[in-house]
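J.: next one to model:
(2 chains)
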Amino acid sequence: MGSLSLRALGSVSLLRRALSDGGFSGGPGGHFQTDSTAWGILALKAYGGSEGLLDRSLRLLMREQLEDGRLCVNKSHPASYWPTSLAILAWQDSEVCRDAQQRAVRFLLGTTGFHFPRESDAPSPHDSLLKGWPWVGETHSWVEPTAMAMMALRVTGHGHHDRVKEAIRMVLDRQLPHGGWNYGNTHVFGKELHPMPESTGAALIGLAGMVEERTVARSLEYLEDEVGRLRTPISLGWSLLGLAAWGRRPSSATALVERCLANQDRYGEYETSALCLLILGALAAENDKSVPFLSISMYHDKRLSFSR
Amino acid sequence: MDTQANHRATEGLTRRDILKAVAAGLVIGTGLLVVPKRYFRLPQQAQTFVAKVDHYQLDIAGILSLGMQELGVTKAEIQGKRILLKPNLVETASEAPHINTHPLVLRGAIEAFLRLGAATVMVAEGPGHRRDTLAVYEESGLADVLTEDRIKFHDLNYITGYELPNVGAKTTMKTLTFPTLFQDVDWIVSMAKMKTHHWTGATLSMKNLFGVMPGRYYGWPKNVLHKAGIQNSILDINATLKPHFAIVDGIIGMEGDGPIMGDPKQAGVLVMGRNLPAVDATCCRIMGIDPYKVSYLEQADNWLGPIGEKSIEQRGETIVSVQTDFRLIDTIPAQQGIRLA
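T.: Coordinates of the predicted model:
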C-alpha cells in the first residue's frame, strides 16, 4: 500500500467520523470528542484533506479551550486535560490558532502533576520528584502524557525550556533496564515490569534528537523486535512513529498496516484516534515528511543534544 | 438497571442491634429513620457457589449453569436481559496466561446466560496499564473466542462517560464517571481472576471493577483512583455501580507478587454469587487469606455484603475441600499478616 492508498483510506474512513459543524467523533455515528478531533486534524494535515473541514475542525477545537488554556476530554471534567498537548500539535502552523496555541503552551508550562519525595522503602524506585505531566490533574507524571507534552513544547520552540529538560530526565528515569517503556513504572517490589509498544513509541518520539542514540538503544531494539508481532492500531501506530523518529523504517511496515486495517473485521471499526495513529504511522514508515510532530526530531539534530 | 439491592442478602436484627437501636433512639430522640442503615451493621446473609474445575477444557457452561441454578438465578429473571461480562484483562506475557480471566470461562458464562434467555451478552473491559485494549484482547486469546462466538467486545477506556453521585463516599470523589454503555445494560457481571495483589492483598470480583472506569477520565494507570485510595475507591465503585453477579476464575489463579508478576497457582475452582463481598470473602478463604485482614472487605462487611463465614451459605463444594494456600510475600506490606489462622 502506497501513500496514495493511505490518502484514500484517510479520506474514506476518517471522513465518516467528521461532524457537520467541524470536529470528529470517537467513531462512526458517535459524538464530538476533543482528542478525536485533534487526531483528526493531524491526520487531515498529513494526507492533505479538505481545507474546509480542516478549518472548521481547528475552530471547533479552539471553542473547546478553557480560559486558562487547557483542553479537556470534556468541559465538565476539567482535570482530564491530557488533550491539551494534542491540540497544540494540531494547531501548529495554523495562523488562526496562534493565540489559542500560545495559551495552551502557557498552561502546559505552568502545570505539573503530583510529585513527592521518594521514601527509602518505596516499592517503586523511580525518582518521584522529577516532573513531567499527568493524564489527569493532581496525579503523578506518566510516560505518555509527558512524551506528548514534550512533542508539543518542542514543536512550538520550547525545546530548551527547563520543563522539557526535566521531562527528558523523567522519561529516561522510567526507561526499563531491558529496554522499552510501559505506562511509567520500572519496578514494583523489586521486579522489573513489562515494556509496552505504545508507551515505548511515544517516549522515543519525545526523546528523538534530544539524547544520544546509545541512551535508548535497548528500547529501539525492543521495538524493532516487537513491531512484526503487532496487530492493533495503537501499538502499531506508535511503534512505527517512534522508530521513524529515529530514522528506522521496518521493511514490513506496509504489510503490517494492511493486516491491521483488515483486522477491523475482527475488532470492529477502530476508534478515531487509533485510526489516525495508524495512518500517521504508515506515512512515517514511508518517510513521508508530512507527519506533523515527527519534524521535531530533526533526526538527531546535534543542536538539541542534551546530556543526562 | 436492576439493582443488587433487589437480590442482596436477607437482613435481620439481632438482640444486640435492637439494644443499639433503642439506645440510639433515646439519644437522638427522633427515631431510627434518619440514621444511616449501615450505622447499625445489620447482619446480612448471602450465598456463594463453589465448583471444582480441574482444567479449562471441562464443560464450564454446564458448571456455571448449575451454579446459577443453585443460587436461584432463573430463566424468568434473565429472559430478555442485556448482560455485560467484565473480565480481568490486565496485560499479556507469553509465559503468563494466568494474569487474565481465561477466555474459556468467558465462553462458558456467555453460553450459560444465553441458555437462560438473555437478549444479548457482551464483554467489556478497560485495562488500567495498557492503553491498547485491543492488544490485550487479542494477545489474551479472548479475541479468538469472541470472534468465533460472534460476541461483541467493548473497549471501556475510550467510551464517553456519565456521572453518578458517589454513593460510597469513602473517598473524597464527589462523583464517579462510568461508561455510557452501562446505561444500556441490565446486568453487570464481574468476571475476575483469583489473584494475590501487592497493593490490596487480594484482587477478586470487587477490585476487578477498577477496569470499568474509563481511562479517558481516570488515566493509565487509573491513578485518580490510586491517589484517592485504592481500598476506598474499590468500595466507592462497588457501592455506586451495584454490580449484579460475580464469577471468579480460580482454575489457575496467581500467587505471590500479583496481579501481574506472580506465579500460577492451580486452585481448581470457580466461585460465584450475587453478592460480591461474599464471593470475595469465600475466595479469600479458599486462598488461605483472612478476609477480615483485607481492608476493603473488612469495610464492606455488612454494608455492601457479608464476609463472615457464618453469614455466607456455601453451595457446591465446601471451602475446606478446595482450600489451598496462595503464597504470600512477607516483604509486601499488603500481604503481611493476612494469612487465615
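
J.: is chain B within reach of stretch A:129-148?
T.: Yes - residues of stretch A:129-148 contacting chain B under Cβ under 8 Å from any Cβ of the partner chain: A:134, A:135, A:136, A:138, A:139, A:140, A:142, A:144. The C-beta positions use only the backbone N, C-alpha and C, and glycine is treated the same way.

J.: so how far is residue B:280 from the residue in chain A that chain B sits nearest to?
T.: Taking Cβ to the nearest Cβ, chain B has its nearest neighbour within chain A at residue A:135, 3.2 Å off. Distance from residue A:135 to residue B:280, counting by Cβ to Cβ, to the nearest Å: 29 Å.

J.: so those two - more neighbours on which side?
T.: Taking other Cβ atoms under 10 Å in any protein chain shown, residue A:135 and residue B:280 do not tie; residue B:280 has more neighbours (35 against 30).

J.: around chain A, pick out the residues from chain B.
T.: Near chain A, when you scan chain B using Cβ under 8 Å from any Cβ, you find B:91, B:93, B:129-132, B:134-135, B:137-138, B:143, B:147, B:152-153, B:155, B:158-161, B:163, B:177, B:198, B:215-221, B:223-224, B:226-227, B:257, B:260-261, B:329, B:331-332.

J.: so which of those residues are in strands?
T.: B:153, B:155, B:161, B:163, B:177 (DSSP state E).

J.: separation between the last one and residue B:214?
T.: Residue B:177 sits 7 Å away from residue B:214, taking Cβ to Cβ as the criterion.

J.: same check, this time on the fourth one
T.: From residue B:163 across to residue B:214, the span is 12 Å (Cβ to Cβ).

J.: that older thread, ChimeraX command for the buried members of the residues of chain B next to chain A?
T.: Entered in ChimeraX, the line below selects the buried ones among the residues of chain B next to chain A, by 16 or more other Cβ atoms under 10 Å in any protein chain shown:
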select /B:91,129,130,131,132,134,135,137,138,143,153,155,158,159,160,161,177,198,215,216,217,218,219,220,221,223,224,226,227,257,260,261,329,332
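
J.: so what's in contact with residue B:163 and residue B:214 at the same time?
T.: B:177, B:178 (Cβ atoms under 8 Å, 6 or more residues apart in numbering or on different chains).

J.: who in the stretch 151-300 of chain A is up against chain B?
T.: So far as Cβ under 8 Å from any Cβ goes, the stretch 151-300 of chain A lies against chain B at A:182-185, A:188-189, A:191, A:193-194, A:196-199, A:230-235, A:266-268, A:271, A:273-274.

J.: buried members of those into ChimeraX, please.
T.: Restricted to buried positions by 16+ other Cβ under 10 Å, the ChimeraX selection for those reads:
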select /A:182,183,184,185,188,189,193,194,196,197,198,199,230,231,232,233,234,235,267,271,273,274
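
J.: looking at the residues of the stretch 151-300 of chain A next to chain B, which are in helices?
T.: A:197, A:198, A:199, A:233, A:234, A:235, A:266, A:267, A:273, A:274 (DSSP state H).

J.: pull the most distant pair out of the residues you listed.
T.: A:199 and A:266 (23.9 Å; Cβ to Cβ).

J.: quick check, distance from stretch B:67-78 to the centre of its chain.
T.: 18 Å (Cα atoms, centre = their mean, to the nearest Å).

J.: please apply the same query to stretch B:47-60.
T.: Counting by Cα atoms, centre = their mean, stretch B:47-60 comes out at 17 Å from the chain centroid.

J.: measure stretch B:93-109 end to end?
T.: 24 Å (Cα to Cα, to the nearest Å).

J.: return the set of buried residues in that stretch.
T.: Per 16+ other Cβ under 10 Å, stretch B:93-109 contains these buried residues: B:96-109.

J.: repeat that for stretch A:15-24.
T.: Counting neighbours by 16+ other Cβ under 10 Å, stretch A:15-24 gives A:17, A:18, A:19, A:22, A:23, A:24 as buried.

J.: out of the residues you listed, which one has the weakest pLDDT?
T.: Among those, residue A:22 carries the weakest pLDDT, at 89.

J.: check contacts around that one.
T.: A:37, A:53, A:55, A:56, A:57, A:58, A:59, A:60.
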